[in-house]
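S.K.: The following block contains a protein sequence and its predicted model.
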Amino acid sequence: MRTEILKNSLNGELFALRQTELDALTAFINSATEAKVGYEGAQPETVNYEVIDRAAIISIDGAMAKKGYTGLCMSVFGYNQIIGMIDKAEADASVDKIIFIVDSPGGAVAGVNELSERVRWASKPTVTFYDNIGASAAIWAFLGADKVYASPTTLLGSIGVLAVVTEVDESGKTVLTSRRAGNKVCGSKEECLQQLQARLDKYESYFYQAVSAARPGFDAERIRETFNNGGVIFADEAEWNGFIDGIMSMKQLFDKEI
């Protein structure tokens, strides 16, 4: 079943996602597997934009991954699809500005840096508006817009990378590798965890670099202190620290930018 495949794929996968949402995703997959509910009905999630007074509005409402899908009671937006919409908006003569409306707890690490770079180097002016939650990969991806705003009750942050590790019974299992590729597998649980920790730390450094590039002055130490080691803060504190450019309602955003 595809649920079992997806469940197994979480093991060791790297996420820039809030822990609460990752727990919910894992629980959902577990329950779907136990109930023998498949993802056979899942369809690729579509990401499009609408043009309002020469502004392309791209709305992201949910978790993200390199490829998106929608099915059952959850949707995942694809980084590649969002990049495609940016490409399309840049080529659209009726569009002068791109506005991202983002309500997302984050998503997978794979592919997020490509989206981050695409947003940062867009050829048309860009605006990000975080509404409700802008966390983890949602920060990584959209903080590099020319202007960044948030609604008053929005939570921002969760800057860091995590992974799901599932205990596996190794009894009776033999793994062979070619003679010059011994490091394709790890020899013990401790060794595996050390290798995974090193990967997490490396990707976190890429995340920090993206934040620093989008917000000069936010070096690693300031990021850690502002967000209390991967936590989240309200929009007013983020504005006070210079992490975002302002706080406003959706109506105020449209009055100001459109």
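M.R.: Happy to help now that I have it.

S.K.: can I assume Pro125 is in contact with Phe100?
M.R.: No: the pair Pro125 / Phe100 is not scored as a contact, 11.9 Å apart, by CB atoms under 8 Å. The way it works is simple: take the backbone N, C-alpha and C, and place the C-beta from them, glycine included.

S.K.: Those two: which has the busier surroundings?
M.R.: Each of Pro125 and Phe100 has its neighbours counted (other CB atoms under 10 Å); Phe100 has more, 24 against 14.

S.K.: partner residues bridging the nearest residue to the more buried one once chain neighbours are set aside?
M.R.: Once its chain neighbours are removed from consideration, Phe100 has its nearest residue in Thr128; the separation is 4.7 Å (CB to CB, 6 or more residues apart in numbering). Bridge pairing for Thr128 (DSSP bridges) gives the partners Phe100, Val148.

S.K.: repeat for Ala55
M.R.: Taking DSSP bridges, one finds Ile52, Lys97 as the beta-bridge partners of Ala55.

S.K.: Distance check, it against Glu190.
M.R.: As defined by CB to CB, to the nearest Å, Ala55 lies at a distance of 53 Å from Glu190.

S.K.: what about these two, which has more around it?
M.R.: Using other CB under 10 Å, the more surrounded residue of Ala55 and Glu190 is Ala55, with 21 against 9.

S.K.: which ones are touching the more buried one?
M.R.: The neighbourhood of Ala55, defined by CB atoms under 8 Å, 6 or more residues apart in numbering, consists of 95-99, 257-258.

S.K.: ok, back up a step: residues in contact with the residue nearest to Phe100?
M.R.: Contact criterion CB under 8 Å, 6+ apart gives 99-100, 102, 119, 142-143, 145, 147-149 as the residues in contact with Thr128.

S.K.: go with 6 Å
M.R.: Thr128 makes contacts with 100, 142, 145, 148, as judged by CB atoms under 6 Å, 6 or more residues apart in numbering.

S.K.: Tabulate these (CSV), appending pLDDT.
M.R.: Conversion of the contacts of Thr128 to CSV gives the following (pLDDT from 0 to 100):
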residue, pLDDT
Phe100, 98
Phe142, 98
Ala145, 98
Val148, 98
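
S.K.: Make a markdown table from those residues and add distance to Leu196 to it.
M.R.: Below are the contacts of Thr128 laid out as a markdown table (distance: CB to CB, whole Å):
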| residue | distance to Leu196 |
| --- | --- |
| Phe100 | 32 |
| Phe142 | 27 |
| Ala145 | 32 |
| Val148 | 32 |
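
S.K.: could I have stretch 185-198 exported to PDB, CA atoms only?
M.R.: Backbone C-alpha positions of stretch 185-198 (Å, rounded to 0.1, in the frame of the first residue of the first chain) are rendered in PDB as follows:
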ATOM      1  CA  VAL A 185      25.100   1.800   5.200                       C
ATOM      2  CA  CYS A 186      25.900   2.400   8.900                       C
ATOM      3  CA  GLY A 187      27.000  -0.400  11.100                       C
ATOM      4  CA  SER A 188      25.100   0.300  14.300                       C
ATOM      5  CA  LYS A 189      22.200   2.300  15.600                       C
ATOM      6  CA  GLU A 190      24.600   4.800  17.300                       C
ATOM      7  CA  GLU A 191      26.500   5.200  14.000                       C
ATOM      8  CA  CYS A 192      23.300   5.700  12.100                       C
ATOM      9  CA  LEU A 193      22.100   8.400  14.500                       C
ATOM     10  CA  GLN A 194      25.400  10.200  14.400                       C
ATOM     11  CA  GLN A 195      25.300  10.300  10.600                       C
ATOM     12  CA  LEU A 196      21.700  11.600  10.600                       C
ATOM     13  CA  GLN A 197      22.600  14.200  13.200                       C
ATOM     14  CA  ALA A 198      25.500  15.400  11.000                       C
END
